[in-house]
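In: need the 3D shape of this:
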Amino acid sequence: MLAALLALPGALVSAAPADTWTLVAAAPAGVGTDPLFALTTNPENPALVLYATSSGEIYRSNDGGSNWSRVASGVGKGVFALAFDPIEPTHVLAGTRAGGIWRSEDSGATWRALDHGTENVRGFAFSVGLSVAATDRGVMVTHDGDTWQPAGPEQASIAAVAVANGLVTAGAEVDPAVKGLPLFQSADSGASWKQLSSLSGAGSAVSALGLAGTKLLVGTNTGLYASPDGGTSWSTLSSGVLPATDFTSVATGDKSLYVASDGGASANGGVWASGDGAQSFRSLNAPVPSVTAVALSQSTLYVATFRPVDHRTFIWSYVDDGGPPQQPAAGTVPSPHPVSVAPAATSGKAANGGQWYLALLRGPELPYLALGALAVLVLLLALIAYMRRGRA
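Out: Down below sits the predicted model:
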């Protein structure tokens, strides 16, 4: 009986306490001191999870995060995004830094490069017969999964994309060349675009896009907004429970919607759930408020958080049963150790084996040290010149 239970997809995840935050990876391998943005889970099997790092490594777990194995390295110059194709659940895409798009056809076990360009790829969206990628050179599209073509708007560095009802919506980072919010839409798979100017006064950058039934959701640097008619009219959702801050992720299930924010590395971030199509939200009280990525499979959430005080990254699981959120068990989360700079003359030597001066030469403060030394030299030369003139 036990063997049969464990053989069921997602059985290991479902065994976790409902409505309770569970730490599945503290300081995940390969992440270092960078936030984790690339996180995904199989839409049909919540026990299958992938994450990727800023150094270009991809890790995979078959048991809900209890064990991880590295399945790829050297993927671009880092990975910004991972996404399972909900229409072909064994297919996964990776968006890289300066390395284009990579693809796996065996649920993330092996990988190959599809596009050998130098684009930064930050996100994906899918519909039947069409996949869309957000890049720093506009949108890219494919109809066969393998051959990707640029589709504009070329002037925009796209941060997020969504596809629904034949419309492709793309949101960009701050763009001085665009008046208003850089939010664009295409009704012909990217052949032509128009700017959605109806969402005025909603910030200057788009950070997330998603769908809640027939509603289009847009996360900007000033909050979360919803449109029931594909972008013609809008309402703000960032009042009451939701903060007016950056939203990093939108994840949609059959009955529930989840939105996440990093809070600008403040206590304003977190994860919120809605079971009524974005009419109302409840906070899930994330253990660390700065949330950088969210992935959803059935009722299981995987959440990546970043603790600014010591640059620690964590991956959590949360089985949402609609009850009051419970924090992780006491003692499971490492205490913070604030990042500090030790005096170079004492602990700097000890930390670098007596080579403390090399750390200074290699560090980011070198230009400022050089300017300081130059200023001292100029003062000394001026003093010498003054003294010589006084003796003459």
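In: can you tell me how far the nearest residue to Leu183 once chain neighbours are set aside sits from Tyr225?
Out: Nearest in space to Leu183, with sequence neighbours left out and distances taken as Cβ to Cβ, 6 or more residues apart in numbering, is Leu196 at 4.6 Å. For glycine as for every other residue, the C-beta is placed from the backbone atoms N, C-alpha and C. Distance from Leu196 to Tyr225, counting by Cβ to Cβ, to the nearest Å: 11 Å.
In: next: Ser54.
Out: Remark: distance between Ser54 and Tyr225 (Cβ to Cβ) = 29 Å.
In: those two: which has the busier surroundings?
Out: Tyr225 (22 against 19; other Cβ atoms under 10 Å).
In: name the SS class of the more buried one, please.
Out: Here Tyr225 is recorded as strand under DSSP: H, G, I helix; E, B strand; the rest coil.
In: what is it paired to in the beta sheet?
Out: Note on Tyr225: beta-bridge partners by DSSP bridges are Val218, Thr236.
In: contacting residues around it?
Out: 199, 202, 217-219, 234-238 (Cβ atoms under 8 Å, 6 or more residues apart in numbering).
In: are any of those residues buried, and if so which?
Out: Among the contacts of Tyr225, those scoring as buried are 199, 202, 217-219, 234, 237-238 (criterion: 16 or more other Cβ atoms under 10 Å).
In: of these, closest to Asp254?
Out: Closest approach to Asp254 among the buried ones among the contacts of Tyr225 (Cβ to Cβ): Leu217, at 16.6 Å.
In: I'd say that closest one and Gly231 touch.
Out: No - assessed by Cβ atoms under 8 Å, Leu217 is found out of contact with Gly231, at 11.1 Å.
In: so what sits against both of the two?
Out: Common neighbours of Leu217 and Gly231 (Cβ under 8 Å, 6+ apart) do not exist.
In: picking that back up, okay, the contacts of Tyr225 in TSV with distance to Thr313 and pLDDT next?
Out: As requested, these are exported to TSV (distance: Cβ to Cβ, whole Å; pLDDT from 0 to 100):
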residue	distance to Thr313	pLDDT
Leu199	32	85
Ala202	30	84
Leu217	26	95
Val218	27	95
Gly219	21	93
Trp234	34	93
Ser235	34	92
Thr236	31	92
Leu237	28	92
Ser238	26	81
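In: determine which two of those residues are furthest apart.
Out: Maximum pairwise distance in the contacts of Tyr225, criterion Cβ to Cβ, is 14.1 Å, between Gly219 and Ser235.
In: contacting residues around Ala164?
Out: By Cβ under 8 Å, 6+ apart, the neighbours of Ala164 are 127, 211, 214, 216, 230.
In: ok, Ala52 next?
Out: Counted by Cβ under 8 Å, 6+ apart, Ala52 has contacts 38, 58-59, 75, 79, 82, 94.
In: secondary structure class for the nearest residue to Gly65 once chain neighbours are set aside?
Out: Leaving out its chain neighbours, the residue that sits closest to Gly65 by Cβ to Cβ, 6+ apart is Val24, at 2.9 Å. Counting by three-state DSSP, the backbone at Val24 sits in strand.
In: which ones are touching Val24?
Out: The contact partners of Val24, taken as Cβ under 8 Å, 6+ apart, are 49, 61, 64-66, 302, 315-317.
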